[in-house]
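Asks: coords please:
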Amino acid sequence: MNLSESMTGMKRTHMSTELSEANIDDKVIVMGWVQKRRDLGGVIFLDIRDRTGLVQVVVDESSIGHEAFTKSEKIRSEFVVAVEGLVEKRTAETINRNLETGTIEVRAFDLRILSVAQTPPFQIETESDVREDLRLKYRYLDLRRPDLMQKMMLRSKLTEVTRNFMSEEGFLDIETPMLTKSTPEGARDYLVPSRVNPGNFYALPQSPQIFKQLLMLSGFDKYYQIVKCFRDEDLRADRQPEFTQIDIEMSFVDEEDVMSMNERLLERMFKEVMDVEIELPIPRLTYQEAMDRYGSDKPDTRFEIQLVDLSEIVKDCDFKVFSGTVKSGGSVRGINATTLGNLPRRQIDALGEAAVSYGAKGMAWIVINEDGSYKSAITKFLSEETVAAMVEAMNGQPGDLLLFCADKNEVVYNTLGNLRLDIAKRLDLLKKDIFKFVWVTDFPLVEWNAEQKLSLIHI
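Replies: Numbering: from 1, shown residues only. Coordinates of the predicted model:
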């Protein structure tokens, strides 16, 4: 049976969360998807959802009429409806403090079913625990989830704030070509065959690098664009083949001007979009400092677990894994997993397996017992003085778990840098409401990328 009706003659007056107690006794029209339907016999409650949130609609047979009420009994989740009604204040016992519109409701006197929905393959709800392949198959349903919708709206607001800021700073928004000649970049190009030039190909841009430099030569001294870039690389957590970046170029400036402008942009974004204050100036670390302290050139500084270089302490010790590594030009470094000394042995072994997955040959550890004694497989190879010096250097306290890696510097950095993040997750240190920024400067001009087996030039 086709229940769908036309919305002719009805025009939405408000989004769901635009309604408040200020609208009480107003006649309004809301439209959206049915999140929930509750039939209490003679009265049906509908939660109507749009991109702003939810509003409760009361369908009472005495106020909407028998025919419309009968129609509303057929409504199910994800039906699309249009409702005309009167805004009323909820009774004290029905107020929902968890809902933005929880103090009001709309009493319907006209209702139309604009589109009928089949039973969805999963619930449309925040942080739904659904297999990713199923979500992607029904992407149009997945995007209805409030948390994903909020992310899309956040992105839109960020774009708006960026454009306003850049315009105020005197930048020109200039669109650069998508189809171009292949240029030497850090990854493989995506190629597009040319119909009018058989055997020749365009390349999709990895970045607008060449074009923005041409613009500077041409006299456009402040350029920006929010641009799509394409790199034929394997998927990673922080990288995908197609991505969007805010691309900026400036003439007649030095690095301080560039960094200052970016700091002001970040400050504006976080204040206007999230109402979060960013403390300026942003701290700075050299590339080498970042690697030595955090094992990463993009360090998470929301927590203070840092790498400690123990090479000088162990360079002459009897434990050949440590002393031999130092003599061959590598290093021995450690991190303090504070308060994790009570981890079961199998979980410590799991950290060791993780270290191997990050490139290390293995991981050594020392547990500091509550009485100050040590539990470890390596202390028998080390003098009491060496162990004490290692523990002191790492600020070890009773109840701590000290983890060590001995290898080439790049392996040590990668291993402990990743273990540092694993431990932070265990200790619940990665708070989503804490924002920390750091400039990493003075990158090496040339860096060997072991994964790609090539040297990368930092520009």
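Asks: Please, where are all the strands along the stretch 1-150 of the chain?
Replies: Secondary structure of the stretch 1-150 of the chain by DSSP state E, counting those that start in this stretch: the strands cover 27-39, 43-50, 53-60, 80-89, 104-115.
Asks: quick one: average confidence on the longest helix along the chain?
Replies: Once the chain is assigned using DSSP state H, the helix that runs over the most residues is helix 146-168. Helix 146-168 carries an average pLDDT of 96.
Asks: could you point out which element follows that helix?
Replies: Per DSSP states H and E, the first helix or strand lying C-terminal to helix 146-168 is strand 172-173.
Asks: Please compute how far that next one lies from its chain's middle.
Replies: In terms of Cα atoms, centre = their mean, to the nearest Å, the centre of strand 172-173 is found 27 Å from the chain centre.
Asks: what does stretch 260-275 give?
Replies: For stretch 260-275, the separation from the chain centroid amounts to 17 Å (computed by Cα atoms, centre = their mean).
Asks: Next, the buried residues of it.
Replies: Buried positions in stretch 260-275, judged by neighbour count with 16 or more other Cβ atoms under 10 Å: 261, 263, 265-270, 273. In short, each C-beta sits where N, CA and C put it, glycine included.
Asks: Am I right that Phe404 is in contact with Gly362?
Replies: No. At 9.7 Å, Phe404 and Gly362 do not qualify as touching, with contact defined as Cβ atoms under 8 Å.
Asks: now Ile48: how far from Met269?
Replies: 32 Å (Cβ to Cβ, to the nearest Å).
Asks: Likewise for Ser128?
Replies: When distance is defined by Cβ to Cβ, Ser128 is 28 Å away from Met269.
Asks: Skip the chain neighbours and tell me the closest residue to Glu169.
Replies: Distances taken as Cβ to Cβ, 6 or more residues apart in numbering place Met261 nearest to Glu169, at 6.5 Å, with adjacent residues excluded.
Asks: OK, contacts around that neighbour?
Replies: Contacts for Met261 were tallied using Cβ atoms under 8 Å, 6 or more residues apart in numbering; they are 169, 248, 250.
Asks: Near the last one, how many other residues are there?
Replies: Using other Cβ atoms under 10 Å, Met250 has 18 other residues around it.
Asks: residues in contact with it?
Replies: Residues in contact with Met250, defined by Cβ under 8 Å, 6+ apart, are 216, 221-223, 257-258, 261.
Asks: Reformat the strands of the stretch 1-150 of the chain as CSV; add mean neighbour count, distance to Gly396 and mean pLDDT.
Replies: Listed next are those as CSV, based on neighbours: other Cβ atoms under 10 Å; distance: least, Cβ to Cβ, whole Å; pLDDT from 0 to 100:
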stretch, mean neighbour count, distance to Gly396, mean pLDDT
strand 27-39, 18, 52, 96
strand 43-50, 20, 53, 96
strand 53-60, 22, 50, 96
strand 80-89, 20, 61, 96
strand 104-115, 19, 58, 95
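Asks: got the ones you listed as TSV, with distance to Leu343 columns?
Replies: Shown next, in TSV, are the strands of the stretch 1-150 of the chain (distance: least, Cβ to Cβ, whole Å):
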stretch	distance to Leu343
strand 27-39	43
strand 43-50	44
strand 53-60	42
strand 80-89	52
strand 104-115	51
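Asks: what stretches of this protein score poorly on pLDDT?
Replies: Under the criterion pLDDT under 70, the flagged ranges of the chain are 1-3, 447-459.
Asks: Show residues contacting the longest helix of the chain.
Replies: Contacts of helix 146-168 (Cβ under 8 Å, 6+ apart): 49, 51, 53, 125-127, 142-143, 173, 224, 226, 246, 248, 264-265, 268-269, 272-273.
Asks: circling back: which ones among the contacts of Met250 map onto helices?
Replies: With helices taken from DSSP H, the overlap with the contacts of Met250 comprises 216, 257-258, 261.
Asks: Counting neighbours, which of these comes out on top?
Replies: Of all those, Met261 has the most neighbours under the rule other Cβ under 10 Å, reaching 18 neighbours.
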